[in-house]
Each structure stands twice: as structure tokens, then as C-alpha cells.
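> take a look and give me a structure for this.
(one chain, ligands or ions: 1)
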Amino acid sequence: MSKHRSYGTAHPEPQTAIDRTHADPPVAEVLDEDRYFSLHKPPAYLPELEEQMTKFIEFHAGKKNVVLVTSGGTTVPLENNTVRFIDNFSAGTRGATSAEYFLENDYAVIFLHREYSLLPYSRHYSHTTNCFLDYMTEIDNKVQINPDFADEMLVVLRKYKNATESNLLLLIPYTTVNQYLYTLKSASTIMSRLDSGALFYLAAAVSDFFLPQSRMPQHKIQSQPSGKLVIDLEQVPKFLRRLVDSWAPSAMIVSFKLETDNSILLQKSLTALSRYQHQLVIGNLLQTRKKEVVLVTPDEKTEWVRLSEQEEKNGVEIESLIVPAVIERHHKWIESKRKE
Ligand SMILES: CC(C)(COP(=O)(O)O)[C@@H](O)C(=O)NCCC(=O)N[C@@H](CSSC[C@H](N)C(=O)O)C(=O)O
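Below is the predicted model of the structure:
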């Protein structure tokens, strides 16, 4: 597994002053996605990640199914020398937890995650909610694992060691929405080599709006004479359409639809399926995402997956129910492709 190294957080692409003479959009009708990638530079470190992902796919091709799990939020920088950025709530719980259950179900995992968000296995003992120091104790002047937690930690440690020593988990970080889009594009084309054995599980909370490079100030935004700061954002391109129709056309693609209003969740999930023509949308509400989701398929069938009160009390993670349901559908997808 690649050592987790930082690729620069929150700092967007190369420094350019505001280009107020920004050329008009190309005359020829190009899709939003093509226009986006022609006007924004890839992260300088992308070739290094591409090499890591290519080696990982070559290692598993023909032996294991590989799932790309995206996890965490994307940032929208407001200055080239980024002082301020727009972020979202996602901590990466869905992605990091799901990655563990995919690994337990014999998948190799590329974990495309927001840098410093929750990671598979270490999530049990990282961040302020579960600070690892709370699991330590001092015995005979030595730091030791608190015996109360040793058994539980041993189980997680063994799973972590198996994943890392068997090269089953590749950690690929991003911070900004531009880094996410470019890295997803590269990962998709590399994974397309696996045909139907490639599974995409898009749990990252992707920004819907961003500040184009052409209108991004070079330096820290100063306070305005008006006393206000008006920010004019553009819609993030609908990359899912590109992912389905060209980046990885034989892969099975699962996206998550996040809403806060229950009355529109199903319709928005169905709209995403008809717009992108992929295989599964998992709808979830911000407020109840840890205890229920709804699986929506192109035939408009819906299947609610819910934790019972007892399961909640027992600490059952809903991803332990979601992931097997996704894998069952992926196996059927592979079978259907084999018969084509
Ligand atoms: C983010 C959460 C809720 C998990 O939370 P944590 O456990 O705290 O991390 C995840 O379950 C989820 O809904 N992820 C998907 C959220 C999302 O951004 N979905 C997009 C669809 S994929 S982003 C694609 C782009 N907007 C487009 O339409 O092409 C949406 O709802 O619109």
C-alpha cells in the first residue's frame, strides 16, 4: 500500500491572476465536462497517482474485482493562494466504513478520499471523536493498549494488516473539487481495463458549484468597500455522464444521492438514474443517513435498507447491510455482461 503522503491541501492549481479577458466559450458546442477540463489544469502530482493506480490494477486484474470508493467532501477554493474555501459536512464515514466491508467481501479497494478525512480501519481510533490516546494507558511507566479495548483493537489491526500487506487497499487523496474530478477521470480510465469487474461506489460529497479558474483572484480577498463579499459560482460539470458513457463504459456505477427533504429523495434518485443511465442510486437523507438508505434501480424498483432499533443499539453499521446488497448487484452485472 502506498505510504500516505500529502499532495498539498486546499491549494488549487497553478497560480494565475484573474483573467478578466476570459475568452468566450468555444463556438463549437462542447459538453460541459470537456469545456471544464480544457479550462482547468490537472494537479501536478497526477502522473504519480496514475502510476500507483495502474500498478494496483495490473496487480489485481483477472484475480479480484476492484471497487473505487470515493469518500469525504470536496473543497471549492476562493483564491489561488487559498485562504478561504467552501467545504461541506462529509467526514468520510460512509466511504471509509464501506471500504472495510468491501475488503471483507474479497474486493480490492482504491480509496479516493478527502485528505485527512476518515480512513478504513484507522477511523476506529482517529479524529477527535475516537482519539487513539483514549485507548492507551500507562502501566509500569510504559504506554500500553488499555486492556479493555485490546481484543476489539486486535480484530481491527489484523484486518488492517491483511489489507495493507496483501496490497488490497490503495489510498488516493484529493482536497479540491478540481483534484477530485481529474483523479476520478484518471482512475476511471485505468479501471476500465477491468471491464465489468470494475465497480464505482461514489460516496464522496462532491461540490455542485465551484469558482472557475478564470475568475479566481490570485491573492487573499480583501474586505470590500461595500462591506459585502458577493461570490458568483458556476455549476460543477455533470461528470457522472462522462464516467458512464466514456471513462468506464463496462463498469458498474453506483452513485449516492443526498437530500435533506424526504419528499424529493426518490424522485431525485430516479432523475439521476435517467440522466446518467448508470446502474444504482443509493438515496440518503442527511438527517438519517446512518440508519437508513434507499436503493433505487433503473426499473424504478426501490429497496429500503434500515437498521432496526436493536441493530442500532448493538452498534451495527448500516454499511454492513449496504455493501453486500451492492455486491450482489455487481455479481449479477458481471454475469449479464458475460452473456452479452
Ligand atoms: C456524503 C454522504 C451523505 C455520507 O456522509 P459521511 O458519512 O459524513 O461522509 C454519502 O452517503 C452521500 O450521499 N454521498 C453523495 C453525496 C453527493 O454529493 N451526491 C451528489 C451526486 S454525486 S456528485 C455528481 C454531480 N453533482 C452530478 O450531478 O454529476 C448529489 O447528491 O447530487
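> in the protein, where is pLDDT below threshold?
The model of the chain has pLDDT under 70 over residues 1-30.
> mind doing that once more with 90?
1-34, 127-131, 224, 238, 340 (pLDDT under 90).
> for it, what lies in contact range of the ligand?
90-94, 202-203, 205-206, 208, 236, 238-240, 255-258, 284, 289 (Cβ under 6 Å from any ligand atom). Bear in mind the C-beta positions are built from the backbone N, C-alpha and C, glycine included.
> tell me which of the residues you listed fall in strands.
Of those, the ones assigned to strands by DSSP state E are 202, 255, 256, 257, 258, 284.
> ok, so of these, who is nearest residue 305?
Proximity of those to residue 305 (Cβ to Cβ) peaks at residue 284, which lies at 9.7 Å.
> in a helix, that's where residue 117 is, yeah?
No. Using DSSP: H, G, I helix; E, B strand; the rest coil, the assignment for residue 117 is coil, not a helix.
> list phi and psi for it.
phi -80, psi -180 (degrees, to the nearest 10).
> for it, give me its contacts.
71, 72, 73, 90, 91, 92, 95, 96 (Cβ atoms under 8 Å, 6 or more residues apart in numbering).
> burial measure for the second one, as a count.
So the one you mean is residue 72. Neighbour count for residue 72, taken as other Cβ atoms under 10 Å: 30.
> and the closest residue to it other than its chain neighbours, how many residues sit next to it?
Nearest non-adjacent residue to residue 72, counting by Cβ to Cβ, 6 or more residues apart in numbering: residue 114, 2.7 Å away. Neighbour count for residue 114, taken as other Cβ under 10 Å: 27.
> what's the answer for residue 73, then?
Residue 73 has 21 nearby residues by other Cβ under 10 Å.
> start at 337, not 1
Yes, from this point I'll number from 337; that puts the last item at residue 409.
> show me what it bridges to in the sheet.
residue 541 (DSSP bridges).
> just residue 444 next, same as before
Bridge pairing for residue 444 - DSSP bridges - gives residue 402.
> helix, strand or coil for the residue nearest to residue 595 when sequence neighbours are not counted?
Spatial nearest neighbour of residue 595, chain neighbours left out: residue 601 (4.7 Å); criterion: Cβ to Cβ, 6+ apart. Secondary structure state of residue 601, per three-state DSSP, is helix.
> what about residue 601, neighbour count?
Residues near residue 601, counting by other Cβ under 10 Å: 21.
> then the one 3 residues further on?
Other residues near residue 604 number 16, with proximity taken as other Cβ under 10 Å.
> out of everything not next to it in sequence, what's closest to it?
Closest to residue 604 by Cβ to Cβ, 6+ apart is residue 593, at 5.5 Å.
> residue contacts, that neighbour?
601, 604, 605, 608, 617, 618, 619, 620, 632.
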